[in-house]
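Visitor: build me a structure from this.
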Amino acid sequence: MTTSFNQVGAAKLWPEINFPFTLAPMVGLSHVALRSLIQDYMPLEAITYWPTEMLNSRRLPAQVVGETPETKRTERDQYLVPQILGNDLKYIGPSLEKLKDINIAGVDINMGCPVSKALRHNYGVALMGEPEYAWKIVRDTKSCSDLPITVKLRAGLDFLDSQIEQELFFDRFTDGLMEAGADLLCLHPRMASQKRKGHADWSQIKRLKERSDIPIIGNGDIQVFEDALRMLEETGCDGVMIGRALTARPWMMWQLGERLGMSAPLGREGEKAPSNPHEEAIEYGRALKKFVTYCFFFFDETFANKKIKFYLRVSHMWLNFGHSLCKKLVKCSTEAQYHEKLEEFFDSTSLKYSNYTDLSY
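Guide: Alright, predicted model coming up:
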């Protein structure tokens, strides 16, 4: 099956973009090593935009941007759109100035982080509880930068009594973001209290798209490439942002590219993307080896180990015997040790990779 799309919504902001799928900004994950891994699986001609981890606007002004683990980039991060966590232009403005040093393509404002710390300190999804203030942040950010401003948000907080009231509030809130100058919205259609539990209500993405004049990106409950294509079809959204499943299944970009009639990734010419549980399990082993190499290339040994262990923690669940893999690697500390253990573990014909796993943790 080949699927084609006449337009990619993000191309309205960055005309060269031709691929409607991108990685989500995730704390501890969306760093240069993971982006490099996923880029290895991109169709040869595919161009998309790339996130960073969530960056704290209160810390950025004092940092050497481009040298911290969270802000390192490569030439392959062609359209880099850092995600800013903040609620005060006093810090956001200087942060944007600093980020110019790494030639960013835009900036994303986080209005979706649902953790309790964000709610206590009035940033992330807490900004949805103060619409006027949230709109002011977008206006002020827009006033100090000529770059596209995007906003990632959730379906809302839980202070209204009925679904109708919630929908009216959400419509008013998103209208205000657009009027304030937001160039693109990305919606994860869960309430703040749900965090990762329950199901993402894709109908809310469809509603937002139908009443918006700017690109709308959908996010939530994507685990296999068929989910991403289905979200595009069912919601009419302009693109799909994929989180932890793309971390664990970076070859999903290759699978999606095949459905769009695009070429295989560089170095995989003439091959087909993994298409069954055993092929995907073997590819996970290849991806892990690449990820280990990238982590030791970009980071010092201590930080590389931290990132590798965290990657395993959020990606092993799709693999049968994933817990055994984690145990096998727990004492590794050097690149050579990881590669030796990975060679041993993946030299098995009984490994399988599942399509779905529980993401509510």
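
Visitor: now do the strands in the protein.
Guide: If DSSP state E is used as the criterion, the strands of the chain fall at 21-23, 50-56, 80-85, 107-111, 149-156, 184-191, 216-219, 239-242.

Visitor: mind listing what the nearest residue to residue 234 once chain neighbours are set aside touches?
Guide: Once flanking residues are discounted, residue 234 sits nearest to residue 202: 5.9 Å by CB to CB, 6 or more residues apart in numbering. From N, CA and C alone the C-beta is placed, and that goes for glycine too. By CB atoms under 8 Å, 6 or more residues apart in numbering, the contact set of residue 202 is 189, 218, 220, 221, 231, 234, 235.

Visitor: present the strands of the chain as TSV; the columns should include mean neighbour count.
Guide: As requested, the strands of the chain are arranged in TSV below (neighbours: other CB atoms under 10 Å):
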stretch	mean neighbour count
strand 21-23	24
strand 50-56	22
strand 80-85	24
strand 107-111	25
strand 149-156	25
strand 184-191	24
strand 216-219	26
strand 239-242	26
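
Visitor: quick one, which of these gets closest to residue 226.
Guide: Residue 226 lies closest to strand 239-242 among the strands of the chain, at 11.7 Å (CB to CB).

Visitor: neighbouring contacts of that closest one?
Guide: Under the criterion CB under 8 Å, 6+ apart, residues 8-10, 20-24, 152, 186, 215, 217-219, 222, 228, 231-232, 252 lie in contact with strand 239-242.

Visitor: for residue 178, see how far away residue 186 is.
Guide: 13 Å (CB to CB, to the nearest Å).

Visitor: same deal with residue 167?
Guide: The value you get for residue 167 to residue 178, if CB to CB is used, is 16 Å.

Visitor: distance-wise, check the closest residue to residue 52 other than its chain neighbours relative to residue 109.
Guide: Here the nearest residue to residue 52 in space, its sequence neighbours aside, is residue 82; by CB to CB, 6+ apart that works out to 4.2 Å. According to CB to CB, residue 82 and residue 109 sit 10 Å apart.

Visitor: give the contact list for residue 154.
Guide: With contacts taken as CB under 8 Å, 6+ apart, residue 154 has the following neighbours: 111, 112, 114, 125, 128, 187, 188, 189, 190, 191, 192.

Visitor: what sits against residue 113?
Guide: Neighbour list for residue 113: 54, 85, 123, 124, 125 [criterion: CB under 8 Å, 6+ apart].

Visitor: repeat that with 10 Å
Guide: Under the criterion of CB atoms under 10 Å, 6 or more residues apart in numbering, the neighbours of residue 113 are 25, 27, 54, 83, 85, 119, 123-127, 152-154, 192.

Visitor: pLDDT weak spots in this structure?
Guide: Scanning the chain for pLDDT under 70 picks out 1-7, 115-123, 159-161, 361.

Visitor: can you give me the helices for it?
Guide: Chain-ordered helices for the chain, with DSSP state H as the definition, fall at 32-39, 89-99, 116-121, 131-143, 163-180, 202-210, 225-235, 244-248, 252-259, 277-298, 301-315, 322-329, 335-345.

Visitor: okay if I get those helices as a markdown table plus distance to residue 267?
Guide: Formatted as a markdown table, the entries for these read as follows, by distance: least, CB to CB, whole Å:
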| stretch | distance to residue 267 |
| --- | --- |
| helix 32-39 | 12 |
| helix 89-99 | 31 |
| helix 116-121 | 40 |
| helix 131-143 | 39 |
| helix 163-180 | 41 |
| helix 202-210 | 35 |
| helix 225-235 | 20 |
| helix 244-248 | 20 |
| helix 252-259 | 11 |
| helix 277-298 | 11 |
| helix 301-315 | 22 |
| helix 322-329 | 25 |
| helix 335-345 | 19 |
